[in-house]
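# build me a model:
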Amino acid sequence: MKDDERYRRAFAEGVDEDLARHLIDLQLDLRLGRDLGTAKHSSHERQEMRKALLNVSEKDSDAAWERVIGTNDLVSINYLARGLRAARAVCRIAVPMPGGTAYGTGFLVAPRLLITNNHVLASRDMAAQAEAEFDHELDVDSVPVPPVRFNLAAHEIFLTDTTLDITLVSVAPLSDTGVPLERFGFLPLIPLSGKGLHGEWVTIVQHPDGDRKMLAVRENQLLEVDRNRFPQLSARFIHYTTDTQPGSSGSPVLNDQWQVVAIHHKAIPNPYPAPAAILEDAKEEAIVSAWPKGDWLANEGVRVSAVSKWLEQRRYSDMQAAAALDRIAQSIGIVPLPAPSSSSRTASENFEMSRPKPATHWTGLAARPDMGYDDNFLPEPILWDDILRPLDADLAVAKDGGKRLDYLHFSVAINAKRKFAAMTAVNIFGAKLVNPGSRSDTWRRDVRMDDDLQPADNFYVKSEGTDPVQFSRGHLVRRVDPCWGTKADAETAEMHTFHFANAAPQVQAYNNSDWGDLEDYVLERAQTRDLKMSVFTGPIFRDDDPLYGQSRQGGPWKIPVSYWKIVAVEKTPGEIAVAAFIVGQIEYVMALYESRVFTSLSPYSIEEIRQRNLQVTVKTVEDETGLDFSALRPFDAQGALESTRHARFVTRPGDIVI
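So this is what the prediction gives:
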């Protein structure tokens, strides 16, 4: 935001001299041409992710990779056209202040959603008075273009954070002269780390000093700070040698593919402006001449991945964060899930919580050979203990000392810390499936496990807390999956699925559509072909999963945002095949990029992307969960395909490769 010298001094306070020295070392490496070809400051994983994010043709891929690490300045001619298109989404933010107007920069990241810095728009009241001015620039003949002004709709969405120095705010759909906002497009926030590497060129589109729109192009390189020396700083911020001025706050920092790397927010002062005095013993004139000059050492931006994590952590506690994430999902082609209708079964009070089955119920079933998951149900043994061995220390211990709850035809293991199932496994006998009758709708705790490891009505019933989001009890093992054998067996197995140990928190629309559809795809194979199957299911637990239920007894809980499923099918007598799936929302775009599914963010139609169902490899599920499904890898239909694309959308049963 444009201001007086106090603005510059404010950011100069508390500069970390160790960080400043490190940034100088990185700049010297760049200016003296050291190690650029090896991108030594970037991990192999970040390099591979950056390659996957390159928006180039196969023939151009090697040349493009050279460009991003600084050894080749050639770019395609469409670089300029794409840059102009990206720049359309950038605007000047004008904020009335006592004695005048303050200015900053912002840009659209999704339909009707703008991002800037907290120090540009610090409050909802400030945003309500501000305007977003687009096209405040010169045309090709250097003639000023009349700006198009939009009011900010802070009453719809306003989110801000002083630590990250970001603000997201909704924008009115029409300007004061009736111009639609959608004309200016948006710059999607791709929630993946790895969009920029040390030494790569970046561009900033900005309104310096509140002036007309300008570009800081070339001579702008990323400086990747050593994560071991500055873990907290490098996790949230990125640094670069780019020209900016007051008024540039809130500008997009863009890589050569015009993907947003960061949101610019401040400059880092140069505490060593006199290299001759510091390097008086240095004999290398090249180092002296390359030493950073001027008042400012580097600029700093907020990483897009940090913004995404911040929003995700508030998904279930702040409805405006959820609304912002829905709009960001739309920006990359994923249509948000529909809100459940008033007639849907989202109100958990519609379900009954019954008394647990007594211990005698379980002792009476214990002798049955089909009680629990059967390792040898299929021609190839799939051993429960082998799968869960890597996570054994994380599993909850039942009252009998074991780490497994057996039900009729299926079993459940609980993650002790997260208090939800780490994995369920069910045997399905297609030729013996029996309709269990009407739905039980009666949920129970299991007396064989401590109550505090089974979130029940204290978690699911709306009246038990003040949370704005309401979850349904989502079956992991479906109510009909274990229903085979006699009619009595089917009824018992169906009742067993209504235990909280088998429940996972899912928004009802998600449970009914994405998750339910995939289950139907899978079970159709067993029912229509009389196949035998073993199905393994569970949530993906991540450290940054959002919290829910701070006001509830036993809370808060971390809520998984993605689920996995592995299906092993006896295709022919003695032969099995395996398919693996991930079901999630925008949080699982990692698999798409790693598998090169996206090209220009649109390899599939919008209708296909809406499904959000991914068939992936068994190895992908292993990597995400820590489980060991190595015994199934040789039978993985998707993993055996000779293609770099190991993730695919599933929109109908025929899309499944198995």
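# burial count for Gln553?
Neighbourhood size, Gln553 [other CB atoms under 10 Å]: 12. For every residue, glycine as well, the C-beta is placed using N, CA and C.
# I'd say it and Asp457 touch.
No: with contact defined as CB atoms under 8 Å, Gln553 does not count as touching Asp457 (9.7 Å).
# which SSE is Lys571 in?
Following DSSP states H and E, one finds Lys571 within strand 562-572.
# what do Gln553 and Asp457 both touch?
Shared contacts of Gln553 and Asp457 (CB atoms under 8 Å, 6 or more residues apart in numbering): Glu464.
# CA-only coordinates of stretch 138-148 in CSV, if you can.
Provided in CSV are the C-alpha atoms of stretch 138-148 (Å, rounded to 0.1, in the frame of the first residue of the first chain):
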residue,chain,number,x,y,z
LEU,A,138,-1.9,2.2,-20.8
ASP,A,139,-3.0,0.7,-24.1
VAL,A,140,-0.7,-0.3,-26.9
ASP,A,141,-0.5,3.3,-28.0
SER,A,142,0.3,4.5,-24.5
VAL,A,143,-3.1,6.0,-24.1
PRO,A,144,-4.7,5.7,-20.6
VAL,A,145,-7.5,3.1,-20.5
PRO,A,146,-10.5,4.1,-18.5
PRO,A,147,-10.5,2.0,-15.3
VAL,A,148,-13.4,-0.3,-14.5
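# what mean pLDDT does the helix or strand hosting Ala490 have?
Following DSSP H and E, one finds Ala490 within helix 487-496. For helix 487-496, the mean pLDDT works out to 95.
# what comes up buried for it?
For helix 487-496, burial by neighbour count (16 or more other CB atoms under 10 Å) applies to 489-496.
# quick one: average pLDDT of stretch 183-199?
Mean predicted confidence for stretch 183-199 is 77.
# can you check stretch 238-254 too?
Average pLDDT, stretch 238-254: 74.
# okay, how far is it across that stretch, tip to tip?
With CA to CA, to the nearest Å as the measure, stretch 238-254 spans 12 Å from end to end.
# ok, of the buried residues of helix 487-496, which one's closest to Gly538?
Gly538 has its nearest neighbour among those in His496, at 17.4 Å by CB to CB.
# now do that closest one against Val171, distance only.
His496 sits 51 Å away from Val171, taking CB to CB, to the nearest Å as the criterion.
# next: Phe471.
As judged by CB to CB, Phe471 and Val171 stand 31 Å apart.
# and what of Asp385?
Distance, Asp385 to Val171, by CB to CB: 55 Å.
# show me which helix or strand of the chain is least confident by mean pLDDT.
helix 606-610 (a mean of 36; mean pLDDT, DSSP states H and E).
# for stretch 158-166, what is the average pLDDT?
On average, the pLDDT along stretch 158-166 is 94.
# put the alpha carbons of that stretch into CSV.
In CSV, the C-alpha atoms belonging to stretch 158-166 read as follows (Å, rounded to 0.1, in the frame of the first residue of the first chain):
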residue,chain,number,x,y,z
PHE,A,158,-14.0,-11.5,4.1
LEU,A,159,-11.1,-13.5,5.5
THR,A,160,-7.8,-12.0,6.8
ASP,A,161,-4.7,-13.1,8.7
THR,A,162,-1.9,-10.9,10.0
THR,A,163,0.7,-13.7,10.2
LEU,A,164,0.4,-14.6,6.6
ASP,A,165,-0.5,-11.0,5.7
ILE,A,166,-3.3,-12.0,3.4
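# and what about Pro390, helix, strand or coil?
helix (DSSP: H, G, I helix; E, B strand; the rest coil).
# next, count neighbours for Phe581.
23.
# would you say it is within a strand?
Yes: under three-state DSSP, Phe581 falls within a strand.
# what bridges to it?
Under DSSP bridges, the beta-bridge partners of Phe581 are Lys565, Gln615.
# tell me which residues of stretch 423-431 are tucked away?
Buried residues in stretch 423-431, counted by 16+ other CB under 10 Å: 423-430.
# surely Val145 touches Glu133?
No: in this structure, Val145 is not within contact of Glu133 by CB under 8 Å, at 10.7 Å.
# now do the end-to-end distance for stretch 387-406.
16 Å.
# can you give me the buried ones in it?
Judged by neighbour count (16+ other CB under 10 Å), stretch 387-406 contains these buried residues: 387-388, 391, 394-396, 398, 403-406.
# before we move on, the earlier item: restricting to C-alpha, output the helix holding Ala490 in CSV.
Extracted in CSV, the C-alpha atoms of helix 487-496 (Å, rounded to 0.1, in the frame of the first residue of the first chain):
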residue,chain,number,x,y,z
LYS,A,487,-31.1,-64.1,5.6
ALA,A,488,-30.2,-64.1,9.3
ASP,A,489,-26.5,-63.6,8.4
ALA,A,490,-27.4,-60.7,6.2
GLU,A,491,-29.4,-59.0,8.9
THR,A,492,-26.7,-59.4,11.4
ALA,A,493,-23.9,-58.2,9.1
GLU,A,494,-26.0,-55.1,8.1
MET,A,495,-26.6,-54.3,11.8
HIS,A,496,-22.8,-54.6,12.4
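# which residues are contacting it?
The set of residues external to helix 487-496 that reach it, using CB under 8 Å, 6+ apart, is 365, 407-410, 433-437, 440, 442, 479-480, 482-485, 502.
# list the buried ones in stretch 138-153?
By neighbour count on 16+ other CB under 10 Å, the buried set for stretch 138-153 is 147-153.
# can you give me the strands in the stretch 201-350 of the chain?
Under the criterion DSSP state E, counting those that start in this stretch, the stretch 201-350 of the chain contains strands at 203-206, 214-216, 222-223, 237-240, 252-254, 260-269, 296-303.
# let me fix that: the stretch 551-658 of the chain
Counting by DSSP E, counting those that start in this stretch, the strands of the stretch 551-658 of the chain are 557-558, 562-572, 575-584, 613-616, 648-649.
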